[in-house]
Each structure stands twice: as structure tokens, then as C-alpha cells.
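Colleague: coords please:
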Amino acid sequence: MDRLTIDPNAQPPSLEDSVGSAIRDLRLRHALTLAQVAEMANLSRGMLSKIETGQTTAGLDTLSRIARALGVPMALLFNKYDATGATAQHVKRGQGMEVVRRGTKSGHTYHLLAYDQGPVKLFEPFLITMDDDSQRYPIFQHPGTEFLYMLEGQIEYRCGQQTYLLEPGDSLTFQGTLPHGPERLVACPIKFLSVILYPQSPPA
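Modeller: Numbers count the residues shown, from 1 in each chain. As a prediction, the model looks like this:
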């Protein structure tokens, strides 16, 4: 059996390195470029790059803007430095954090109902509300599996080459890598749950 060797001189990653690594991981997970996040966070691309690589310390205001651009709570940026223990998360009705995603500009409202507190993101549950059919909706692709559960209204939802009519009580499950998104709002207002389950690396 192999023996685990621990280097007594090894130093834990600095706060700057941990936060920068978390920002980069989140940005890549959402398939966003440095330029896109920098623009949304009102930062220069060079500054964001230095933050991601731990070359500079970002203030709380800057981190707050980056977190909003990534659509996550600011606390999530620190999870690699000081991951909290397992605790229950209780979100009262109407108090899910409103976040910015690519569909926000098209009239979607996203409320994040929970967030992972550990070092690896396992899932993201959203409550999505749509009440405006005046714009063309974006196509989404991401790692993992997505589960939709219809709560209110009617919507035609596209997955690849197929379109599905979703009504209250209906569900739809598909691979996130398949191009997907709203095709047509049939009856507004529309409200549904979207839960994204991210792939996990097999144990070593």
C-alpha cells in the first residue's frame, strides 16, 4: 500500500490564491471569458487576470461586483480558503437571492435557492420567473444534468431538435451540454424550478 507523504514545509494557499482560484473556476464553469466578466464587474481585463492568479488583493467592493457578475453569493468566493462545515440552508419564501444570468436581459428573473458551501459545486437550484415574450431568448449549454419542474403557466422549451410543451406539474430532464432554452411563452406568467447537477470527478 502506498504511504501518504506530507511535506512539513508545505504552506496552505494564501487568501489571494484561494479567492482567485475560486473566481476562475466559477468563470470557466459558466463558460465566460475574462473580458465578459471584467465588463460586467466594471474592471479591466488585466486587473481581473491579476485577481484570478493571486497577484493582487481585491477589496470587498470589487469582490462583490465580481460575485454579481458570476451570479453567486460573495461568500462562495472564499470557500476554498475556509470551507464551512455541513449545515442546513433555510431560505424563506421570496428570499432566494436574485442573480444575474445570461437570460436576465431577456426578461427572466433567477432566484438562487441554495448554494454549495464546500469546495466543489454539486448543484444549483433556481426559481425562474418569466413574464415578457417580447425578446428572443438565449440558448444555454453547460456541464451536468438539468431538471425542470413547471409550477405556473405554459412554455414551449427546446432541447436540441425537440420542442416540449411544459404545463404545471410537468418535468423535463436533459444533459446540459445539449443546446436548450425557452422557445415560446404560451401562457404567462411562467414559473418553474431549474436544478442543475454538476458532474463529479470519480474518487482517486
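Colleague: which is the succeeding secondary structure element to the helix or strand of the chain with the lowest mean pLDDT?
Modeller: Lowest by mean pLDDT, DSSP states H and E among the helices and strands of the chain is strand 97-99, with a mean of 64. Downstream of strand 97-99, the first helix or strand assigned by DSSP states H and E is strand 108-112.
Colleague: each with direction, which strands does that following strand pair with?
Modeller: strand 97-99 (antiparallel), strand 123-130 (antiparallel) (DSSP bridges).
Colleague: quick one: which of the ones you listed is nearest residue 150?
Modeller: strand 123-130 (10.4 Å; CB to CB). C-betas here are computed from N, CA, C, even on glycine.
Colleague: so which residues of the protein form strands?
Modeller: 97-99, 108-112, 123-130, 145-159, 162-166, 171-175, 180-197 (DSSP state E).
Colleague: what stretches of this structure score poorly on pLDDT?
Modeller: Where the chain drops to pLDDT under 70, the residues are 1-13, 80-90, 95-107, 115-120, 133-136, 201-204.
Colleague: and it, what are its domain boundaries?
Modeller: 15-78, 97-197 (automatic domain parsing).
Colleague: let me have those in CSV, extended by mean neighbour count and distance to residue 91.
Modeller: Below are the domains of the chain laid out as CSV (neighbours: other CB atoms under 10 Å; distance: least, CB to CB, whole Å):
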stretch, mean neighbour count, distance to residue 91
domain 15-78, 17, 12
domain 97-197, 16, 5
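Colleague: what's the single longest helix in the protein?
Modeller: The longest helix of the chain (DSSP state H) is helix 15-29.
Colleague: please save the CA atoms from that helix in PDB.
Modeller: What follows is helix 15-29 as a C-alpha-only set of coordinates in PDB (Å, rounded to 0.1, in the frame of the first residue of the first chain):
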ATOM      1  CA  LEU A  15      -6.300  34.100   0.700                       C
ATOM      2  CA  GLU A  16      -5.400  35.800  -2.600                       C
ATOM      3  CA  ASP A  17      -4.600  32.500  -4.300                       C
ATOM      4  CA  SER A  18      -7.800  30.800  -2.900                       C
ATOM      5  CA  VAL A  19     -10.100  33.600  -3.900                       C
ATOM      6  CA  GLY A  20      -8.500  34.000  -7.300                       C
ATOM      7  CA  SER A  21      -8.800  30.200  -8.000                       C
ATOM      8  CA  ALA A  22     -12.500  30.200  -7.000                       C
ATOM      9  CA  ILE A  23     -13.200  33.100  -9.300                       C
ATOM     10  CA  ARG A  24     -11.500  31.400 -12.200                       C
ATOM     11  CA  ASP A  25     -13.300  28.100 -11.600                       C
ATOM     12  CA  LEU A  26     -16.700  29.800 -11.400                       C
ATOM     13  CA  ARG A  27     -16.000  31.800 -14.600                       C
ATOM     14  CA  LEU A  28     -15.000  28.700 -16.600                       C
ATOM     15  CA  ARG A  29     -17.900  26.700 -15.200                       C
END
